[in-house]
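**Q** Sequence first, predicted model second:
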Amino acid sequence: MDWSQSQIPPMRLEARFGDRVVPAFAERPANIWAMIADACAGNADGEALICGDVRLSWRQAVERAARIAAGLRKLGLQRGDRVAILLGNRVEFPLILFAAAHEGLVTVLLSTRQQKPEIAYVLADCGAKILIHEAALAERLPDARDVPEVIHRIAIDNAPQLSGFAVLADNAPASAPVDVSEEDIAMILYTSGTTGKPKGAMLAHCNIVHSSMVFASCLHLTAADRSIAAVPLGHVTGVVANITTMIRCGGALIIMPEFKAADYLRLAARERVTYTVMVPAMYNLCLLQPDFDSYDLSSWRIGGFGGAPMPVATIEKLEAKIPGLKLTNCYGATETTSPSTIMPGELTASHIDSVGLACPGARIVAMGTDGRELPRGEIGELWIQSASVIKGYWNNPQATAESFTGGFWHSGDLGSVDAGGFVRVFDRQKDMINRGGLKIYSAEVESVLAGHAAVVESAIIAKPCPVLGERVHAVVVTRAAVAGDELRAWCAERLSDYKVPETITVTTEPLPRNANGKVVKRQLRELLAET
């Protein structure tokens, strides 16, 4: 089975990034700004962005974006320059993305959970010329001498018209948009690496346009749809599944500054939400609200999820409480510009162990260690090829060469593809923890712990959690007495909060290793389970 049986726009083979040939939508917007212009032309007076008391139509959103674009021009920014964004979920976030697309600028999305060393690394690596940040996060910003290429810093507070943001926003609208090639980079999103150093995934305009069209066509989204952005907008799910997908269909994006289950339910009912993409833990938290049944959620028809398996019990409860809601597994990654597979909602319950079918134009194969495709149903590393797969990593040709072969991205996930085309994911080759959909690479946390004077070595392992799936546990071998709280504080100063070990075992015994000297984490997990 594949998506050709649905109402998918015609596709054709095209050359991409020089050495690739992939199926792509034959008729499509030339770039992100062209998508925005289409949304405005088709639904000018329809709602586009809603956040708190702010409600903007597509006409108003485009006009404001053009003013911000003019401000960026006045600062001397030119096509291809990097604009770093360190903002939470607020209406200025998509408006800046729109403005950057108008000017052919590359947005670099930072997480508000990142700490000073992480922010400094990204800014220096990408060579950002401007940093637009939450005023409340000023203490986390690196010193100017550490990021000399950052010429401008603009703070936004809860009264943006009174903050530095006015420098950008209070301008006459910019004239015609900058000419942008669809293979130009539109965004850089940094992903944690097994070496501990983040890699900048380069999302081109054509990647984002294609992925947005995949979401819109597979889920039958139109200008009548209304999506809640409950996940961070700086994550690939927030920016593609929510922002740019709503651009593609000309619908309304309702922005939640912070996810709280009770607030989500109130907002979903009041705004008559039809579509969203969240991690399974967020659905579970909603169901735990004692007044869940008091909300009218009958308009909610598509509940996308990803990042972790959806418990059968959650599916059954939601089906009973919201009969019109179709739960849809969406499996993907930053390197695939979000979706690689989508499960048709009507098949979720009968294929609960699958992440869905390859998206239109995508090819997913299970590869053996010898670099050969395995027969259907056999388990190997999932390699993914599509028009959504990125060109590579910014300023990192070695990582690009190691992760991409002939346009296929090596996902690091162990899985299979059955005779019906359903993809299953069983385990991860990369040593990674999945905390409610947030990916944590053990090597990155272990590297930070190694910097503490009392630490000899450490191992980061997953601790099972019924709500989030996994939490971070550290086994730390020390040379001197040190409290777990001190080690946690050490990590909290250097890592995003979700990466900080929540529980720590401190010991003077060496970590168990195999004959090759590799730490046997399976043994550590067994010991943790026993205790």
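**A** Yes, it's here.

**Q** Could you use CA atoms for every contact and neighbour count after this?
**A** Will do.

**Q** Now do the helices in the stretch 51-200 of the chain.
**A** Applying DSSP state H, counting those that start in this stretch to the stretch 51-200 of the chain gives helices spanning 58-74, 92-103, 116-126, 166-169.

**Q** pLDDT weak spots in this structure?
**A** For the chain, the stretches with pLDDT under 70 are 4-6, 160-162, 192-196, 308, 427-430, 514-518.

**Q** Look up the closest residue to Trp3, ignoring the ones flanking it.
**A** Nearest non-adjacent residue to Trp3, counting by Cα to Cα, 6 or more residues apart in numbering: Pro360, 5.9 Å away.

**Q** highest average neighbour count across the helices of the stretch 51-200 of the chain?
**A** helix 92-103 (a mean of 25; mean count of other Cα atoms under 10 Å).

**Q** tell me what it is packed against?
**A** The criterion is 3 or more Cα pairs under 8 Å, 6 or more residues apart in numbering; DSSP states H and E, and the helices and strands that helix 92-103 contacts are helix 32-43, helix 58-74, strand 106-109.

**Q** tell me what the first one is packed against?
**A** Just to be clear, that refers to helix 32-43. Counting by 3+ Cα pairs under 8 Å, 6+ apart, helix 32-43 packs on helix 58-74, helix 92-103, helix 205-218, helix 245-249.

**Q** what does the shortest one contact?
**A** Around helix 245-249, the neighbours that count as contacts under Cα atoms under 8 Å, 6 or more residues apart in numbering are 35-36, 38-39, 209, 211-213, 215-216, 221-223, 227, 252-253.

**Q** show me what contacts the residue sitting nearest the centre point of the chain?
**A** Nearest to the centroid of the C-alpha atoms of the chain, with distances taken as Cα atoms, centre = their mean, sits Val236, at 2.5 Å. Each residue near Val236 by Cα under 8 Å, 6+ apart is listed here: 189, 333-334, 337-338.

**Q** sorry, back to before: ok, which of the helices of the stretch 51-200 of the chain comes nearest Thr405?
**A** helix 116-126 (24.0 Å; Cα to Cα).

**Q** Domain boundaries for this protein, per the record?
**A** Here the domain parsing of the chain from automatic domain parsing is 31-352, 432-530.

**Q** Wasn't Ala313 part of a helix?
**A** Yes - applying DSSP: H, G, I helix; E, B strand; the rest coil, one finds Ala313 inside a helix.

**Q** How much space separates Pro311 from Arg488?
**A** 31 Å (Cα to Cα, to the nearest Å).

**Q** swap in Cys218?
**A** 44 Å.

**Q** swap in Asp497?
**A** Distance from Asp497 to Arg488, by Cα to Cα: 10 Å.

**Q** Next: Gly76.
**A** 43 Å.

**Q** Which one's more surrounded, these two?
**A** Arg488 (17 against 9; other Cα atoms under 10 Å).

**Q** Now do the helix or strand hosting the more buried one: which elements does it pack against?
**A** Here Arg488 sits within helix 484-492, counting by DSSP states H and E. Counting contacts by 3+ Cα pairs under 8 Å, 6+ apart, helix 484-492 is packed against helix 442-449, strand 503-507.

**Q** And the shortest one, how far out from the chain middle?
**A** Pointing back at strand 503-507 there. In terms of Cα atoms, centre = their mean, to the nearest Å, the centre of strand 503-507 is set 31 Å apart from its chain centre.

**Q** what inclination does that strand have with respect to helix 484-492?
**A** If you take axes from the mean of the first three to the mean of the last three Cα atoms, to 10 degrees, strand 503-507 sits at 120 degrees to helix 484-492.

**Q** Helix or strand next in line after strand 503-507, which one?
**A** Heading C-terminal from strand 503-507 (DSSP H and E), you reach helix 521-530.

**Q** Show me which residues of that next one are buried.
**A** 521, 524-525, 528 (16 or more other Cα atoms under 10 Å).

**Q** Let me know the angle separating it from strand 503-507.
**A** Going by the same axes, to 10 degrees, helix 521-530 makes 110 degrees with strand 503-507.

**Q** Using CSV, write out every CA atom in helix 521-530.
**A** C-alpha atoms of helix 521-530 as CSV (Å, rounded to 0.1, in the frame of the first residue of the first chain):
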residue,chain,number,x,y,z
LYS,A,521,25.3,-0.4,29.3
ARG,A,522,22.9,-3.3,29.1
GLN,A,523,24.4,-4.5,32.4
LEU,A,524,24.0,-1.0,33.9
ARG,A,525,20.3,-0.9,32.8
GLU,A,526,19.8,-4.3,34.5
LEU,A,527,21.3,-3.2,37.7
LEU,A,528,19.1,0.0,37.6
ALA,A,529,16.0,-2.1,37.1
GLU,A,530,16.9,-4.3,40.1
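
**Q** That one packs against which elements?
**A** Using 3+ Cα pairs under 8 Å, 6+ apart, helix 521-530 is in contact with strand 455-465.

**Q** can you give me the offset of the following helix or strand past the strand it packs on from its chain's centre?
**A** Helices and strands here follow DSSP H and E; after strand 455-465, the next one along the chain is strand 469-478. A distance of 24 Å separates the centroid of the chain from that of strand 469-478, by Cα atoms, centre = their mean.

**Q** Now flag whichever of the contacts of helix 245-249 is closest to Lys317.
**A** Once Cα to Cα is applied, the member of those that ends up nearest Lys317 is Ser227, at 21.6 Å.

**Q** Confirm that that closest one sits in a strand.
**A** Yes - in this structure, Ser227 lies within a strand as judged by three-state DSSP.

**Q** That one: what's it in contact with?
**A** Applying Cα under 8 Å, 6+ apart, we find Ser227 in contact with 242, 246, 251-254, 273-276.

**Q** rerun that using 6 Å as the cut-off
**A** 253-254, 273, 275-276 (Cα atoms under 6 Å, 6 or more residues apart in numbering).

**Q** so of these, which ones are in helices?
**A** The helices, defined by DSSP state H, take in nothing from the contacts of Ser227.

**Q** got a winner among these for most neighbours?
**A** Going by other Cα under 10 Å, Leu253 tops the contacts of Ser227 with 29 neighbours.

**Q** CSV for the helices and strands packed on helix 92-103, including distance to Pro148?
**A** Shown next, in CSV, are these (distance: least, Cα to Cα, whole Å):
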stretch, distance to Pro148
helix 32-43, 30
helix 58-74, 19
strand 106-109, 17
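
**Q** Of the domains of the chain, which stretch is the most buried?
**A** domain 31-352 (a mean of 20).

**Q** Do a quick rundown of the strands in the stretch 251-400 of the chain.
**A** Remark: strands assigned in the stretch 251-400 of the chain by DSSP state E, counting those that start in this stretch are 252-255, 275-278, 302-305, 326-333, 338-342, 356-358, 363-367, 380-385.

**Q** As CSV, could you dump the C-alpha coordinates of the third one?
**A** If I follow you right, that is strand 302-305. Presented in CSV, the C-alpha positions along strand 302-305 are these (Å, rounded to 0.1, in the frame of the first residue of the first chain):
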residue,chain,number,x,y,z
ILE,A,302,-6.3,15.0,13.2
GLY,A,303,-3.9,14.2,16.0
GLY,A,304,-0.4,13.8,14.7
PHE,A,305,2.2,12.2,17.0
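
**Q** Strand partners (parallel or antiparallel) of it?
**A** strand 275-278 (parallel), strand 326-333 (parallel) (DSSP bridges).

**Q** next one: the last one
**A** For strand 380-385, sheet partners with direction are given as strand 363-367 (antiparallel), strand 408-417 (antiparallel), following DSSP bridges.

**Q** which stretch among these comes nearest Ile85?
**A** Nearest of these (Cα to Cα): strand 408-417, 26.6 Å.

**Q** residues making contact with the closest one?
**A** 366, 376-385, 403, 423-430.

**Q** Next, the buried residues of stretch 387-404.
**A** 387-394, 400, 403-404.

**Q** Which of these lies at the shortest distance from Leu72?
**A** Of all the buried residues of stretch 387-404, Leu72 sits closest to Trp394, with 22.8 Å by Cα to Cα.
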